[in-house]
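In: got a predicted model here, sequence first, then my questions.
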Amino acid sequence: MSRGMFHRGCLIVAVVVACGTGLISGPGLWSRPATADAAGVARCTAAAIRLTVAGLGDAAGSSYYSIDLTNMSGRNCSLDGYPRASFVSAPGGHQLGSAAGHDPVYSRRRIILRPGRGAHAKLRVGTSRDYPEPVCGPVTVRWLRVYVPGAAVPVYTGFHGSTCAGAAARTISISRVHQGWS
């Protein structure tokens, strides 16, 4: 390898490392949205969030839903990671079946929600009929309980479907929060 090729190779490696660590930014492949790096922004609370659920369709024995979170406060707030979700008998009632597992396809990422802006997470609900009845113990659900990432107070929304009451049959999973509505 010639000395000139070695120096060009070192330069390329240095640029890639600098871009990956945020020392160099700008439009293009390695730039990150400005909202992902904002510091000092409080976490979104349940009181600041309006939650809606929209059906996305069915595939491979599961139904998919978008859990849309809208910042209704007058300030920016942040979300990071996965909402916690489970079916419940009623607002404040007992949990039906197991809580949603995390869909690890996407890594955690902090996002900032401006007032009136939204984020979403995708909820997958497996068909309870796919599990043996003695293991599943199918039940009808009417409520979904969602904890905004990092929040201690849940948000409830009406939901019509079925799940397995048996904890051994996990029928739901959820993705991390993503910027924007789906």
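Out: Noted; the coordinates are in hand.
In: please enumerate the helices of the chain.
Out: For the chain, the helices defined by DSSP state H occupy 3-21, 133-136.
In: so which bits of the shortest one are buried?
Out: Applying a neighbour-count criterion of 16 or more other C-beta atoms under 10 Å, one finds residue 136 buried in helix 133-136. C-beta coordinates here come from the backbone N, C-alpha and C atoms, glycine included.
In: report the mean confidence score over it.
Out: Average pLDDT, helix 133-136: 86.
In: export it as CSV, just CAs?
Out: In CSV, the C-alpha atoms belonging to helix 133-136 read as follows (Å, rounded to 0.1, in the frame of the first residue of the first chain):
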residue,chain,number,x,y,z
GLU,A,133,-57.7,-23.2,24.9
PRO,A,134,-56.3,-24.7,28.2
VAL,A,135,-53.1,-22.6,27.9
CYS,A,136,-54.8,-19.4,26.6
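In: pretty sure residue 55 is touching residue 62, no?
Out: No - with contact defined as C-beta atoms under 8 Å, residue 55 does not reach residue 62; the gap is 12.0 Å.
In: settle it for me: which of those two has more neighbours?
Out: Higher neighbour count among residue 55 and residue 62: residue 62, with 16 against 9, using other C-beta atoms under 10 Å.
In: any idea how far residue 171 is from the more buried one?
Out: Noted for residue 62: a distance of 9 Å to residue 171, by C-beta to C-beta, to the nearest Å.
In: who touches both of the two?
Out: Residues touching both residue 62 and residue 171 by C-beta atoms under 8 Å, 6 or more residues apart in numbering: 125, 126, 127.
In: is it true that the last one touches residue 136?
Out: No - applying C-beta under 8 Å, one finds residue 127 not in contact with residue 136, separated by 10.0 Å.
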